[in-house]
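*Asks:* Sequence and predicted structure are below.
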Protein chains: 2
Amino acid sequence: MTFTQTTRINTKDDLRNHARQLFAEHGYEGVSMRDIAAAVGIRQSAIYNHFPSKQHLLVDLMVSHMEQLLDAMRAAVGTSGTAAEQLAAFAQFHVTYHIDQPEDTFLAYMELRSLGPEGRAAIVPLRNAYEARLRQIIEAGARDGVFKVADVALVVRAILAMLTGVTVWFRDGGRLDRETAAGAYVATVLQSVGYAP
Amino acid sequence: MTFTQTTRINTKDDLRNHARQLFAEHGYEGVSMRDIAAAVGIRQSAIYNHFPSKQHLLVDLMVSHMEQLLDAMRAAVGTSGTAAEQLAAFAQFHVTYHIDQPEDTFLAYMELRSLGPEGRAAIVPLRNAYEARLRQIIEAGARDGVFKVADVALVVRAILAMLTGVTVWFRDGGRLDRETAAGAYVATVLQSVGYAP
DNA sequence: GTGTCAGGTGAACACTCGTTCTTGGACGGC
DNA sequence: GCCGTCCAAGAACGAGTGTTCACCTGACAC
């Protein structure tokens, strides 16, 4: 008596979505294949028709997130404008993207340690490419003398940590709305590189 | 034939130290009582002579860390000096403390979600007290007009996230030494609140 | 109608998990 | 010498882990 077996539309995407949410909430190690299956409404064994292992599921989630993040960032920041404009666009993008996709981004920054060597090898270049774009902007501003930074690599990491931290406290319906929060981060980032308009 | 049974000096501290390191490396869920016991050189069952449960071990670690952090911060920052001086002292302290105790601090910021309600109830007030001190400093600087901040609560969280991020990349023997890194963070933090000396 | 097949099921595998319990040796106080 | 305390060992508990496998079923192509 297996009724709804054929009413499923896209089990693979359902698995991705529920796994993303559960991993973000309890951590990779804290979620079992049975938990994920139960959330989707199938049995644990059926997951293996879509993903060869739990680890592959995690890597799939993290890689696709990083690719989307990278593409979206490049589209949002562009290549024209001053260093200050690009930095503002970058900060604005990073904060709003992280507000809109808190689970994905939380996962990407927290579960690197749950990745095996092959998974890490897939993620690290994508992260580096993302960081490299910010580094480019900071370097351009420093070269032009509009930014004052003590150490470029350190400031790049400091800015990313500062912006990503938005996921920890931001809640829809809280004291600040998306735009106000993003604006405050943009202003803080611009000040942090010593930009005086 | 249990030879070394009595040669143990302080098993409880050994447990704390090894558990701290293992939790920081693999996450709370990723470490078993057997792992911890093996690291210390005893059997799993002997752990329960010192801690009533794995959860209590985690709470012990996190609470004692937060208490030490809070005490050390208050000693380092003091209560005299201008807002800028206090902020510089705070940033300097936070970075060097996190560089020196990376496991403790990583744990404290990552494993809140592994805490049960009673553990969370013990930690949250300590975290709040720590944040509150930084908030005090920022507010004083903003009141005096030497700091320009878009939103005090947001900037407090932004600064903490930025500074805590040092644990992700800093390695002893790397390109930057402790003092250089801490100095760069101090400069970046002061700029981020719009302080112009 | 019949064959193919993606995608379900349920049972089972071999572990590992946190925790409990009984046992026994070493030790300081009396 | 004896006793209570501390703290270790080792076996066992029931439950949960990721994964595999044989089997079944509904939908679609021809």
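*Replies:* All right, it came through fine.
*Asks:* Helices of chain A, residue ranges please.
*Replies:* A:11-26, A:33-40, A:44-47, A:54-77, A:83-100, A:102-110, A:117-144, A:152-164, A:166-169, A:178-192 (DSSP state H).
*Asks:* buried set for the fifth one?
*Replies:* Right, the one you point to is helix A:83-100. A:83-84, A:86-99 (16 or more other CB atoms under 10 Å in any protein chain shown). Heads up, the C-betas are built off the backbone N, CA and C, glycines and all.
*Asks:* ok, so of these, who is nearest A:His65?
*Replies:* A:Tyr97 (10.3 Å; CB to CB).
*Asks:* just checking, that closest one touches A:Gln68?
*Replies:* No - the pair A:Tyr97 and A:Gln68 fails to qualify as a contact (CB atoms under 8 Å) at a distance of 9.1 Å.
*Asks:* What count of nearby residues applies to A:Ala153?
*Replies:* Counted with other CB atoms under 10 Å in any protein chain shown, residues neighbouring A:Ala153 total 15.
*Asks:* Next, the contact list for the residue lying closest to it once chain neighbours are set aside, please.
*Replies:* Nearest residue to A:Ala153, sequence neighbours excluded (CB to CB, 6 or more residues apart in numbering or on different chains): A:Arg135, at 7.2 Å. By CB atoms under 8 Å, 6 or more residues apart in numbering or on different chains, the residues touching A:Arg135 are A:152-153, A:156.
*Asks:* go on, A:Gly165?
*Replies:* Counting by CB under 8 Å, 6+ apart, A:Gly165 has contacts B:157-158, B:160-162.
*Asks:* and if we set it to 7 Å?
*Replies:* A:Gly165 makes contact with B:157-158, B:161, according to CB atoms under 7 Å, 6 or more residues apart in numbering or on different chains.
*Asks:* cool, and A:Ile47?
*Replies:* A:15, A:33, A:36-37.
*Asks:* and those, which two are the farthest apart?
*Replies:* The largest separation in the contacts of A:Ile47, counting by CB to CB, is between A:Leu15 and A:Met33 at 10.0 Å.
*Asks:* More neighbours: the two, which one.
*Replies:* Each of A:Leu15 and A:Met33 has its neighbours counted (other CB under 10 Å); A:Leu15 has more, 23 against 17.
*Asks:* gap between the more buried one and DNA strand C?
*Replies:* 9 Å (CB to the nearest atom of the strand, to the nearest Å).
*Asks:* same check, this time on A:Thr96
*Replies:* Applying CB to the nearest atom of the strand, the value for A:Thr96 to DNA strand C is 34 Å.
*Asks:* what do you get for A:Pro125?
*Replies:* A:Pro125 sits 30 Å away from DNA strand C, going by CB to the nearest atom of the strand.
*Asks:* And the residue in chain A that DNA strand C sits nearest to, how far from chain B?
*Replies:* Closest residue of chain A to DNA strand C, CB to the nearest atom of the strand: A:Ser45 (2.7 Å). According to CB to the nearest CB, to the nearest Å, A:Ser45 and chain B sit 23 Å apart.
*Asks:* Can you report how many residues neighbour A:Ala39?
*Replies:* A:Ala39: 16 neighbours (other CB under 10 Å).
*Asks:* In space, what's closest to it - neighbours in sequence excluded?
*Replies:* A:His18 (4.0 Å).
*Asks:* pLDDT weak spots in chain A?
*Replies:* In the predicted model of chain A, residues A:1-8 satisfy pLDDT under 70.
*Asks:* Quick check, A:Ala72 in contact with A:His98.
*Replies:* No - distance between A:Ala72 and A:His98: 11.2 Å, which falls outside the contact criterion (CB atoms under 7 Å).
*Asks:* how about the residues of chain A near DNA strand D?
*Replies:* For chain A, the residues in contact with DNA strand D (CB under 7 Å from any atom of the strand) are A:2, A:5-6, A:31-35, A:44-45, A:48, A:52-55.
*Asks:* from the residues you listed, which two are the most distant?
*Replies:* Counting by CB to CB, the most remote pair of the residues of chain A next to DNA strand D is A:Thr6 and A:Gln55, 29.5 Å apart.
*Asks:* out of these two, which sits in the busier spot?
*Replies:* The residue with more neighbours, out of A:Thr6 and A:Gln55, is A:Gln55; 15 against 6, by other CB under 10 Å.
*Asks:* Quick check: that one touching A:Glu118?
*Replies:* No - using CB under 7 Å, A:Gln55 is not in contact with A:Glu118; the gap is 8.8 Å.
*Asks:* If we look just around chain B, which residues of chain A are in range?
*Replies:* A:27, A:29-30, A:113, A:150-151, A:154-155, A:157-158, A:161-162, A:165, A:169, A:176, A:181, A:183-185, A:187-188, A:191-192, A:194 (CB under 7 Å from any CB of the partner chain).
*Asks:* Drop anything exposed from these.
*Replies:* A:27, A:29-30, A:150-151, A:154-155, A:157-158, A:161-162, A:165, A:176, A:181, A:183-185, A:187-188, A:191-192, A:194.
*Asks:* need the contact list for the residue minimising distance to the centre of chain A.
*Replies:* In chain A, the residue lying closest to the centroid (CA atoms, centre = their mean) is A:Thr105, at 2.9 Å. With contacts defined as CB under 7 Å, 6+ apart, the neighbours of A:Thr105 are A:98, A:164, A:167.
*Asks:* Check the spacing between it and A:Val31 real quick.
*Replies:* Note on A:Thr105: its distance to A:Val31, by CB to CB, to the nearest Å, is 18 Å.
*Asks:* Thanks a lot, catch you later.
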